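Visitor: the following block contains a protein sequence and its predicted model.
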Amino acid sequence: MFIREKKIDCGQYREVDIIPRTDNAERAVKGKRGKRIRVTAPKQKDINEKNARRYLVQLGNGNFGKGDFHVSLTYSADNLPSTVEAAEKFVGNYLRKVSRRREKLGVEPLKYILVTEYKHTKDGSSITRIHHHIIMNGGLNRTEIEAMWTKERINWKKAQNDLNYFDEINQIGWANADRIQVDENGIEALCKYITKEPQGKKRWSSSRNLIRPEQMPNADSKYSKAKITRLATSADAGKKYFEKQFPLYQIVSVQPVYYDETGWHIYLKMWKKDDAIGKKRQRRKGEGKWKKNT
């Protein structure tokens, strides 16, 4: 048995797993170490599983934060779709409207994570309580984002001159756009909320322009089992030690977990420090490439 340090990066967000591995478990993948690997998204049917939620947290933290939106969309009784496919067509049309509006205004292209939640009726013949959660980047205002949840074509010129215009639009259902609130864990709480285990099913997708989680080369000789045991059982779970190991990052979580079969595992979450991101990002901030409509 040896101790592996496994790092997964997504944007400025990093997760590190320090976990015991056995030689037998590694023989099957011999020769595949030492390269960056794109992390594969979990299958749709596993959306409620631990790994799927973790992947979504990585994806969310790597792409969204303060100033972005969490949009909730429901259906009125008159517009309730009879199949998941029909609902996804509705929300797909909505996302295209948002994308075109952004392009028209010159704001950056739409980025999103979409989660569709639904239940089957008791006889399984149809679906009920279907609704959508969307995490999307900022750039539009709340009124516009909510107004586009309609089958109607919006007259944007009229909307600029008529304060009551949006109140007269027939909505597909209830639409609510909230600005995302972040804490030291980024938007982890929101990602876990929209993928919470429901009394039903979930399907999710995302835009192609997201930064994807990437597994960095593993390190298999940095730690001994005894060292990990000392760190895991120390007063700060080894946080001061790991701060020295990852000086470019601010560590926000150190979680030691003990398993009878393998011993101590340590899981870390961290963000790249502002002064470590580099002058390139600072220049990009000052360029004002995208216009904002607030």
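Guide: Happy to help now that I have it. Numbers count the residues shown, from 1 in each chain.

Visitor: so what does the helix or strand encompassing residue 226 touch, helix or strand wise?
Guide: In the assignment (DSSP states H and E), residue 226 maps to helix 225-232. Counting contacts by 3 or more CB pairs under 8 Å, 6 or more residues apart in numbering; DSSP states H and E, helix 225-232 is packed against strand 2-10, strand 13-21, strand 249-259, strand 263-272. C-beta coordinates here come from the backbone N, C-alpha and C atoms, glycine included.

Visitor: possible to save these as JSON lines with mean neighbour count, mean pLDDT and distance to residue 157?
Guide: Formatted as JSON lines, these follow (neighbours: other CB atoms under 10 Å; pLDDT from 0 to 100; distance: least, CB to CB, whole Å):
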{"stretch": "strand 2-10", "mean neighbour count": "19", "mean pLDDT": "96", "distance to residue 157": "40"}
{"stretch": "strand 13-21", "mean neighbour count": "20", "mean pLDDT": "96", "distance to residue 157": "41"}
{"stretch": "strand 249-259", "mean neighbour count": "15", "mean pLDDT": "97", "distance to residue 157": "46"}
{"stretch": "strand 263-272", "mean neighbour count": "19", "mean pLDDT": "97", "distance to residue 157": "43"}
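
Visitor: all helices of the stretch 151-294 of the chain, in order?
Guide: In the stretch 151-294 of the chain, the helices defined using DSSP state H, counting those that start in this stretch lie at 156-161, 188-194, 225-232, 239-245, 274-277, 279-287.

Visitor: so what's residue 209 up against?
Guide: By CB atoms under 8 Å, 6 or more residues apart in numbering, the residues touching residue 209 are 109, 111.

Visitor: give me phi/psi at it?
Guide: Backbone torsions for residue 209, taken as degrees, to the nearest 10, come to phi -90, psi 20.

Visitor: what separates it from residue 1, distance-wise?
Guide: Distance check for residue 209 against residue 1: by CB to CB, to the nearest Å, it reads 41 Å.

Visitor: what of residue 160?
Guide: With CB to CB as the criterion, residue 160 and residue 1 are 66 Å apart.

Visitor: now do residue 195
Guide: Using CB to CB, one gets 33 Å for the distance from residue 195 to residue 1.

Visitor: equivalent analysis for residue 71, please.
Guide: For residue 71, the distance to residue 1 equals 47 Å [CB to CB].

Visitor: for these two, indicate the residue with more neighbours.
Guide: Ranked by neighbour count (other CB atoms under 10 Å), residue 71 and residue 1 place residue 71 first, with 24 against 11.

Visitor: in which helix or strand does the more buried one reside?
Guide: Here residue 71, judged by DSSP H and E, is contained in strand 69-73.

Visitor: now that strand: average pLDDT?
Guide: For strand 69-73, mean pLDDT rounds to 98.
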